[in-house]
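**Q** Okay, here's the prediction I keep looking at, along with the sequence it came from:
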Amino acid sequence: MTRTRLTTFLLPAVIVAAGLGAVYGLTGYIEERRPRLADTYVDNDLEFLGARTKGFAFGAEGLIADWYFIRSLQYIGDKIIGSKDQNINLDDLRSLNPRLLHPLLDNSTDLDPQFIAAYSYGAVVLPAIDPHKAIALAEKGIANNPESWRLYQHLGYIYWRLGDHAKAADTYERGSQIAGSSPFMKMMSAMMRSEGGSRETARAIFSEMLENSDDPNVRITAERRLAELDWFDERDAINPILSEFLERNGRCPSSFGEVTRELMSVKLPGGRQFRVDKANRLVDPSDAPYQLNPKRCQVQLDPEKTKLPF
């Protein structure tokens, strides 16, 4: 009896324990000697395609689509946090190598073709990575949701970013013909045909995004872009004043305090005025103090303090 119990219970347990120990040791050995992959291979590829699971997820397609979408948000956030570049260009994110963003969003919208938030996020972020894939995703959204004028707005935005004002105008016009569409669509169609590349057009686009989008990621992008436009307006007002001071006095101002009176008399677009902080320093739209470049006698952003794209 004792020998039977030994054979039946103790011996298999010893074998399993020994096997686990061997696996643990082998895993450590392989991990220590595994060759380091280049940064371009850091991403883990998708384990399965969303389109292939559709119809086999027992009604959980929407849940899986949500997972893909949330993963896409985390994916770009992780890329930005892990980047060694302190000044990331929001207009060109290719240096982050975000090669899985489109597949993640594509899978999400394969599983849930009416997932408007996924299309919206792709329209805002993908143009800085791959404009052609951004267009493809937006057109996919329109094909699956032909009555959603918002998707025409997103596609028009992508064409505007690419500088193709004719296609942008046509897209906004098509969207304006959908029942219930915002008057903004007709207005943008006309603006694209007359002044598509103007700063006023950009401000109208991002202001509408900020006021009417339900997607917090779109709203954050719009806020940053509007602040950037404010910086452009302020820069264009400050530099001529500095140039006039230089011409009158043969030197650049030692600080903005020497031209405060002139600056405060300027009326910026939208009725805005220049602002100063508690230390009486001239600040940019993100509340970081402006810097004065004495060699060029021009205003510049503080790369360490500003929250604006630098």
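**A** On my side now, so go ahead.
**Q** C-alpha from now on. contacts and neighbour counts both.
**A** Will do.
**Q** where exactly do the helices run in the stretch 201-310 of the chain?
**A** Taking DSSP state H, counting those that start in this stretch as the test, the helices found in the stretch 201-310 of the chain are 216-249, 260-264.
**Q** Average the pLDDT values over the longest one and round to the nearest integer.
**A** It refers to helix 216-249. The pLDDT scores in helix 216-249 average 92.
**Q** do stretch 172-187 as well
**A** Stretch 172-187 comes out at a mean pLDDT of 94.
**Q** Other residues contacting that stretch?
**A** Counting contacts by Cα atoms under 8 Å, 6 or more residues apart in numbering, the residues outside stretch 172-187 that touch it are 147-150, 152-153, 156, 188-189, 208.
**Q** what ranges do the strands span in the stretch 151-300 of the chain?
**A** For the stretch 151-300 of the chain, applying DSSP state E, counting those that start in this stretch gives strands covering 275-276, 282-283, 291-293, 298-300.
**Q** so which of those strands comes closest to residue 170?
**A** strand 298-300 (37.9 Å; Cα to Cα).
**Q** starting at the chain centroid, how far to that closest one?
**A** Its chain's C-alpha centre and that of strand 298-300 lie 27 Å apart, by Cα atoms, centre = their mean, to the nearest Å.
**Q** and what of stretch 177-189?
**A** 25 Å.
**Q** Give me the distance between the two termini of it.
**A** Start-to-end span of stretch 177-189 (Cα to Cα, to the nearest Å) is 11 Å.
**Q** Then stretch 295-306?
**A** 21 Å.
**Q** What are the buried residues along it?
**A** By neighbour count on 16 or more other Cα atoms under 10 Å, the buried set for stretch 295-306 is 297-302, 306.
**Q** Out of those residues, which comes closest to residue 288?
**A** Taking those together and measuring to residue 288 by Cα to Cα, the closest member is residue 306, at 5.1 Å.
**Q** In this structure that closest one contacts residue 286, no?
**A** Yes: Residue 306 is in contact with residue 286 according to Cα atoms under 8 Å; the separation is 6.2 Å.
**Q** Show me whatever sits in contact with both of the two.
**A** Here residue 306 and residue 286 share no contacting residue, scored by Cα under 8 Å, 6+ apart.
**Q** Low-confidence stretches in the stretch 51-200 of the chain?
**A** Filtered on pLDDT under 70, the stretch 51-200 of the chain yields the residue ranges 51-59, 86-87.
**Q** Next up, the contacts around residue 153.
**A** Contacts of residue 153 by Cα under 8 Å, 6+ apart are 171-172, 175, 185.
**Q** hmm, try it at 7 Å
**A** If a contact means Cα atoms under 7 Å, 6 or more residues apart in numbering, then residue 153 has 172, 175 as its contacts.
**Q** State the distance from it to residue 77.
**A** 25 Å.
**Q** go on, residue 196?
**A** For residue 196, the distance to residue 77 - Cα to Cα - is 31 Å.
**Q** swap in residue 265?
**A** 41 Å.
**Q** just residue 222 next, same as before
**A** 17 Å.
**Q** which one of those two has more residues nearby?
**A** Neighbours per residue (other Cα atoms under 10 Å) separate residue 222 from residue 77, with residue 222 holding more: 22 against 12.
**Q** Nearest spatial neighbour of the more buried one, chain-adjacent residues omitted?
**A** residue 206 (4.9 Å; Cα to Cα, 6 or more residues apart in numbering).
**Q** Compare the strands of the stretch 151-300 of the chain and give me the one nearest residue 246.
**A** strand 298-300 (10.4 Å).
**Q** Tell me which residue is most central in the protein.
**A** residue 125 (4.2 Å; Cα atoms, centre = their mean).
**Q** quick one, the helix or strand in which it is found and helix 216-249 angle?
**A** Secondary structure from DSSP states H and E places residue 125 in helix 116-125. Calculated by axes from the mean of the first three to the mean of the last three Cα atoms, to 10 degrees, helix 116-125 forms an angle of 20 degrees with helix 216-249.
**Q** So what's the residue count around the closest residue to residue 122 other than its chain neighbours?
**A** Distance criterion Cα to Cα, 6+ apart; nearest residue to residue 122, sequence neighbours excluded, is residue 134 at 6.2 Å. Neighbour count of residue 134, defined by other Cα under 10 Å: 25.
**Q** ok now do residue 134, which residues does it touch?
**A** 122-123, 126-127.
**Q** okay if I get those as TSV plus neighbour count and distance to residue 290?
**A** TSV is the format used below for the contacts of residue 134 (neighbours: other Cα atoms under 10 Å; distance: Cα to Cα, whole Å):
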residue	neighbour count	distance to residue 290
122	24	33
123	26	32
126	24	31
127	22	30
